[in-house]
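Enquirer: Please work out how this folds:
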Amino acid sequence: MKNTGLLHKTKSRAALLLSAVFLLIGGGLFLLAANYNSFFLTEKTVVIHNDADSAADINAASINKSAPAPTAAETSAPTSGESTAPPDRRNKKLVALTFDDGPKAELTPKLLDVLKEQDVKATFFEIGMYVDAMPDITRRVAEEGHQVASHSWRHKDLVKLTPEKLEKDIADTSAAIKKATGKAPAMLRPPYGSFNDAVSDAFKGTIALWSVDPRDWSVKNADSVYKNVMKVVKDGDIVLLHDIYPSTIAAVEKLIPTLKDKGFTFVTVEEMVAARPEACKNRRIYNAHPAPKAPKE
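Expert: The predicted model follows:
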């Protein structure tokens, strides 16, 4: 049986080494793949999706095949413009917890224990010099399924750096994270949220900001942080927190069960972008609030 394959590659920030082997034997299709997280069958194609270094660019491989059309029970391909995120996230209330300024000895591991117990994944925007000093903590963050992203080398305002110092800051932080985790960061949260085109061009990945700031860095009180989040949080929010304050860890212990009770699904920022790709514009994301529904006539 003859099979003709066409592989389409989309952009990826890092050179992701993935492979798939498709064998047609006696009219049946057998898939051997590395690191692919989902696939679905259409009438004439097999479409595979995997997590890319830059979540805004979801790699897809489409291979023509001659095989029976899927049954109604099988997953069908999304129509043009539809999200290619896992089906269980497309219509969920999503929230992304993010933690800046770590890793910090004792506190970051304690937060990781809380997240592991609650089965929640988060995003850690880490300082390069701390990653360099405590790579084991950053390695644990990644190994437990959290996203590790850049927050600069030593928390300086990147806009105020010379082009040479800006390039070095970004490169050194990415190198430290890659050394600790095996993967360069695909996202940057600039300190103070301060960035311009020069910063965006130098990083070349996604600039990831936030939509909820409970000011945990200022109030340093668990109850206040908890209330500041709960009074405004909604579907698609990216919550700014810091894993360097004991009060924040205590607040997270209260926040997670409450948000679960209210129907929220916790995702990393990469997963948020994958579920709501329209939220990432010009390689920048502030939130992923779904578009309001049109009023009924």
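
Enquirer: Going by C-alpha atoms from here, please, whenever you check contacts or count neighbours.
Expert: Will do.

Enquirer: Look up the closest residue to residue 132, ignoring the ones flanking it.
Expert: residue 176 (5.6 Å; CA to CA, 6 or more residues apart in numbering).

Enquirer: what about that neighbour, which SS state?
Expert: helix (DSSP: H, G, I helix; E, B strand; the rest coil).

Enquirer: What of the one 3 residues further on?
Expert: For residue 179, the reduced secondary structure class is helix; criterion used: three-state DSSP.

Enquirer: what's the burial count for it?
Expert: Neighbour count for residue 179, taken as other CA atoms under 10 Å: 16.

Enquirer: begin at 127 from here
Expert: Let's use 127 as the start, then, which means that last one is residue 305.

Enquirer: per-residue confidence for it?
Expert: Residue 305 is assigned a pLDDT of 98 by the prediction.

Enquirer: thinking again about what came up before, my guess is the residue nearest to residue 258 meets residue 256, correct?
Expert: No - using CA atoms under 8 Å as the test, residue 302 is too far from residue 256 to be in contact (9.1 Å).

Enquirer: Looking at these two, which is more packed in?
Expert: The neighbour comparison of residue 302 against residue 256 (other CA under 10 Å) goes to residue 302, with 25 against 21.

Enquirer: Could you give me the buried positions within whichever strand or helix holds residue 268?
Expert: Per DSSP states H and E: residue 268 is located in helix 261-269. Residues 261, 263, 264, 265, 266, 267, 268 are the ones in helix 261-269 that count as buried (16 or more other CA atoms under 10 Å).

Enquirer: For the fourth one, give me its contacts.
Expert: Residues counted as contacts of residue 265 (CA atoms under 8 Å, 6 or more residues apart in numbering) are 306, 307.

Enquirer: can you do 10 Å?
Expert: 257, 274, 303, 304, 305, 306, 307, 308 (CA atoms under 10 Å, 6 or more residues apart in numbering).

Enquirer: quick one on the thing from earlier: hey, what's in contact with both of residue 302 and residue 256?
Expert: Contacts common to residue 302 and residue 256, judged by CA under 10 Å, 6+ apart, are 264, 279.

Enquirer: how about low-confidence regions in the chain?
Expert: Within the chain, the stretches with pLDDT under 70 are 127-216, 418-423.

Enquirer: Which parts of it are helices?
Expert: Secondary structure of the chain (DSSP state H): helices at 213-216, 233-244, 254-259, 261-269, 289-307, 323-329, 342-345, 348-356, 372-387, 395-401.

Enquirer: For residue 219, grab the count of nearby residues.
Expert: With neighbours defined by other CA under 10 Å, the count for residue 219 comes to 19.

Enquirer: same deal with the one 3 residues further on?
Expert: A count of neighbours around residue 222, defined by other CA under 10 Å, yields 27.

Enquirer: wait, isn't it in contact with residue 396?
Expert: Yes - using CA atoms under 10 Å, residue 222 makes contact with residue 396 at a distance of 9.4 Å.

Enquirer: Please enumerate the shared neighbours of those two.
Expert: Common contact partners of residue 222 and residue 396 (CA under 10 Å, 6+ apart): 248, 249.

Enquirer: Next up, the contacts around the residue nearest to residue 310 when sequence neighbours are not counted.
Expert: Closest residue to residue 310 apart from its sequence neighbours, by CA to CA, 6+ apart: residue 304 at 4.4 Å. Residue 304 is in contact with 257, 261, 264, 265, 274, 298, 310, 311, counting by CA under 10 Å, 6+ apart.

Enquirer: Tabulate the residues you listed in TSV, adding columns for distance to residue 359.
Expert: Shown next, in TSV, are the contacts of residue 304 (distance: CA to CA, whole Å):
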residue	distance to residue 359
257	30
261	32
264	28
265	30
274	23
298	34
310	30
311	27
